[in-house]
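Visitor: no sequence on hand, only this structure:
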């Protein structure tokens, strides 16, 4: 049996929406809802929360521990190092990367990406090499060996701040020769659908989804609700991947 660890990134600081992971959602918090959904994965051996040493990070650790999940504190800026250090002593075969600003991440989707990677003996597999899933359903799965190679070799700021760009750029999917990769394809293009939380209007949308549908639906159910009610959901015009684009822009201007 492969040892597969889900690592979710969660921090207090956020340029657009500080303390978003602590925000109330229903009778829980954004992070609490996210973790309960992760726990429904059938293929993950363990879940870890990778957080920082920022002020109030103890609240993240408390939410994780209350959910029966271990938390690790590491670098704020070098997220690749934080991510690597969180799992290195656990000796996993595979690592799943998700982020805590995706409270409605679908555990069945996570398991499908894990299966694709393991069945095809990939170094990396994800549903974001072609971004046709809704924003907020991003799942990446990779071998610990691929993570370790990235940790040892990546030097660009954008590669350290966002964990997986170094791996993705060096996959055969992107004409590299270091890692074998595949994309898990969406049934159709839902790229324009947004259920992540980067700004207060995003939180309002997720709160509506939970109020109307609860916290146990699959990604398609939430997607179709958004598509049917776009006129009342303010957040559907926000740019995807703004954080990574900012990192790239910083490098270009330095």
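Guide: On my side now, so go ahead. Just so we're clear, the structure is a prediction, and the values are computed from it rather than from any experiment. Residues are numbered from 1 along each chain as shown.
Visitor: how close does residue 145 get to residue 215?
Guide: Using C-beta to C-beta, to the nearest Å, one obtains 35 Å as the distance from residue 145 to residue 215. C-betas here are computed from N, CA, C, even on glycine.
Visitor: again with residue 155
Guide: As for residue 155, its distance to residue 215 is 40 Å (criterion: C-beta to C-beta).
Visitor: these two: who's more crowded?
Guide: It is residue 215, of residue 155 and residue 215, that has more neighbours when counted by other C-beta atoms under 10 Å, with 18 against 7.
Visitor: ok, the nearest residue to that one once chain neighbours are set aside - contacts?
Guide: Spatial nearest neighbour of residue 215, excluding adjacent residues (C-beta to C-beta, 6 or more residues apart in numbering): residue 33 at 5.6 Å. Contacts for residue 33 (C-beta atoms under 8 Å, 6 or more residues apart in numbering) come out as 25, 26, 103, 104, 210, 215.
Visitor: ok, now with 7 Å
Guide: By C-beta atoms under 7 Å, 6 or more residues apart in numbering, the contact set of residue 33 is 25, 103, 215.
Visitor: quick check, it in a helix?
Guide: Yes: Residue 33: assigned to a helix according to DSSP: H, G, I helix; E, B strand; the rest coil.
Visitor: now tell me which of the contacts of residue 33 the prediction trusts least.
Guide: Among the contacts of residue 33, residue 25 carries the weakest pLDDT, at 93.
Visitor: please enumerate the strands of the stretch 151-254 of the chain.
Guide: Listed in chain order, the strands of the stretch 151-254 of the chain (DSSP state E, counting those that start in this stretch) span 181-183.
Visitor: any weak-confidence spans in it?
Guide: By pLDDT under 70, the low-scoring segments of the stretch 151-254 of the chain are 235-254.
Visitor: out of the contacts of residue 33, which is nearest to residue 166?
Guide: residue 103 (27.3 Å; C-beta to C-beta).
Visitor: assumed that closest one was part of a strand.
Guide: No: counting by three-state DSSP, residue 103 is not part of a strand but coil.
Visitor: that one is in contact with residue 34, isn't it?
Guide: Yes: between residue 103 and residue 34 a contact is recorded at 4.5 Å, counting by C-beta atoms under 7 Å.
Visitor: tell me the bridge partners for residue 72.
Guide: Residue 72 has these beta-bridge partners by DSSP bridges: residue 50.
Visitor: that one: neighbouring residues, count only.
Guide: Neighbours of residue 72 (other C-beta under 10 Å): 19.
Visitor: surely it meets residue 48?
Guide: Yes: judged on C-beta under 7 Å, residue 72 makes contact with residue 48 at a distance of 5.9 Å.
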